[in-house]
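Student: Starting from these lines, generate the structure:
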Amino acid sequence: MKSAESGRHFCTARFLSQVLQGSGLIVRLDACYVTISVYYHVCMSVPRIVKLLQITDPHLHADPNTELYGVKTELSCRAVVERAFGDPDWRPDAVLVTGDAVEDCSRAGYERFKSIFEPLDVPILCLPGNHDSPDLMSEMLDTGRFSFCGFRDFERWRLIMLNSHVPGSPGGVLSDSELHRLDRTLQDSGDRFVLVAVHHQPVPIGSSWLDGFGLRNGFELLSVVGRYSQSRVVVWGHVHQVLDQQHGDLRMLCTPSTCAQFTPLTETCVMDTRPPGFRRLTLEANGDINTEVRWLDDYVVAERPPDSRIGEESTDAM
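Tutor: Sure, this is the predicted structure:
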C-alpha cells in the first residue's frame, strides 16, 4: 500500500513525464520520482535569457566630490547602480560599462570605480572612452569580476568589447588590429548571437558638434559586423543621450550617462536637464532584444544654463 507521500511523488513524476516527453525528451521514471539525471539535463539544456545592464560615462574623479555640470558624478553613479540593482524582478547577469569610467585618468579614480562595482556579484565588462586611460584600465579592471575589452559569452550570446580610444582626441578610431580582432571573434562565435560594444557612436546622431567627435571609421565597423548573420546589435555611450534605430539588420543603441546629459539634435553643445539614466537589455535565446532606458526621475538635477561653447573648448564637454 502506497503512502500519501509516495502517491504525491508518483503524480508529480507522471506529470513531469508527460511534459518532458511532449518536448521530445526521453524520461526515465522510477516508481516515485523522475531521476535526477534527467532533471539536471533538462535544466541545463534550455538556454536562458541574458539580462544585461549598460552603464556609461560615469566620469568619476579622484575626488569624490567633483561635479560635472552641476552633478556630483560619484554620487549619481552610485544612485544609478543602487536603482538598477534594486529591482528583485530584474537582476542583471552582467554590467557593461561603455567608457569614460574616469574623467581625470587617475589611479584613485579607478579605485573609486572599483569600490562602486566590485561589491556587485556579477561580471563587470569594461571598455575605454576618450577620457579613460586604457593602460590603467587594463591593469586595474582586468582581474577578478572585471574584464577589459575582449569578449564574453553568456548562454546563446557573445558580447564583444572594442577599444576606440585615441590619445588626446575626443573622437575615436578602431585600429586595424582591433578590426581584425573583431572579425576573428565574430568568425569564432559559432551559433551565438552577437552584441558589439564601443564607446564612440559609429553613425551620425544629428548633432553636428557631436558627430565631429564620433567613430571616424564607423563605416568599417559596420561593414565587418554586417558580414555576419548572427550580429544583432551595436551599443555605445559617449554622446550622453538616447538613441534607438535600425541600420539594416542591426539594432543601434545609445545610452544616457550616469551623470549629465547633452540635448539631442543641436548644432553646438547645449546641456540637457534630464537626470542620470541607464539601459536594461534582455537578450533572448532566439536572438531578439528587448530594451528600455530608465531615468532617475526623482534625482535632483541642478538647473544648468545652455552651454554653446564651440571650437577647442567644446571638446572638454566630451
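
Student: pretty sure P123 contacts V95?
Tutor: Yes: with contact defined as CB atoms under 8 Å, P123 reaches V95; the gap is 7.3 Å. C-beta coordinates here come from the backbone N, C-alpha and C atoms, glycine included.

Student: Looking at these two, which one has more neighbours?
Tutor: Ranked by neighbour count (other CB atoms under 10 Å), P123 and V95 place V95 first, with 22 against 17.

Student: quick one: F113 and D142, what's the gap?
Tutor: According to CB to CB, to the nearest Å, F113 and D142 sit 13 Å apart.

Student: More neighbours: which of these two?
Tutor: F113 (24 against 13).

Student: Three-state assignment for the more buried one, please.
Tutor: Classification of F113 using DSSP: H, G, I helix; E, B strand; the rest coil returns helix.

Student: pretty sure it contacts P58?
Tutor: Yes: at 7.1 Å, F113 counts as touching P58 under the criterion of CB under 8 Å.

Student: what is in contact with those two at once?
Tutor: Counting by CB atoms under 8 Å, 6 or more residues apart in numbering, the shared contacts of F113 and P58 are 101-102.

Student: quick one: pLDDT of T98?
Tutor: The per-residue pLDDT reported for T98 equals 98.

Student: Mind listing the residues bridging to it?
Tutor: In this entry, T98 is beta-bridged to L127, by DSSP bridges.

Student: can you tell me which residues contact it?
Tutor: Residues in contact with T98 (CB under 8 Å, 6+ apart) are 54-57, 127, 129, 197-199, 235-238, 255.

Student: Helices along this protein, start to end?
Tutor: Under the criterion DSSP state H, the chain carries helices at the ranges 4-22, 36-45, 73-84, 107-117, 134-140, 176-187, 208-211, 218-226.

Student: looking at the chain, which helix or strand is least sure?
Tutor: In the chain, no helix or strand scores lower on mean pLDDT, DSSP states H and E than helix 4-22, which sits at a mean of 41.

Student: quick one: the strands in the stretch 201-318 of the chain?
Tutor: Assigned by DSSP state E, counting those that start in this stretch, the strands in the stretch 201-318 of the chain fall at 231-236, 243-247, 250-254, 261-262, 271-272, 277-283, 289-295.

Student: Of these, which is nearest F148?
Tutor: strand 231-236 (16.8 Å; CB to CB).

Student: wait, H59 sits on C259?
Tutor: Yes: the pair H59 / C259 is scored as a contact, 5.6 Å apart, by CB under 8 Å.

Student: I figured V122 hits V95, correct?
Tutor: Yes: when contacts are counted by CB under 8 Å, V122 is listed as touching V95 (6.1 Å).

Student: just to revisit the earlier point, touching both of H59 and C259, which residues are there?
Tutor: Taking CB under 8 Å, 6+ apart as the contact rule, H59 and C259 both touch 68, 73.

Student: quick one, domains of the chain?
Tutor: If you go by automatic domain parsing, the domain ranges for the chain are 4-45, 50-317.

Student: before we move on, the earlier item: could you tell me the least trusted of the strands of the stretch 201-318 of the chain?
Tutor: Minimum mean pLDDT among the strands of the stretch 201-318 of the chain: strand 271-272, a mean of 90.

Student: now for it, which elements pack on it?
Tutor: Judged by 3 or more CB pairs under 8 Å, 6 or more residues apart in numbering; DSSP states H and E, strand 271-272 is in contact with strand 261-262.

Student: Adjacent strands (with direction) for the strand it packs on?
Tutor: strand 271-272 (antiparallel).

Student: Can you tell me the closest non-neighbouring residue to F262?
Tutor: Distances taken as CB to CB, 6 or more residues apart in numbering place H240 nearest to F262, at 4.4 Å, with adjacent residues excluded.

Student: What count of nearby residues applies to that neighbour?
Tutor: The number of residues packed near H240 is 28, by other CB under 10 Å.

Student: How much space separates it from E82?
Tutor: From H240 to E82 the distance is 21 Å (CB to CB).

Student: where does the stretch 101-250 of the chain dip in pLDDT?
Tutor: Counting by pLDDT under 70, the stretch 101-250 of the chain contains no low-confidence residues.

Student: related to what we said a few turns ago, ok, which of the strands of the stretch 201-318 of the chain comes nearest P64?
Tutor: Taking the strands of the stretch 201-318 of the chain one by one with CB to CB, strand 277-283 is closest: 19.8 Å.
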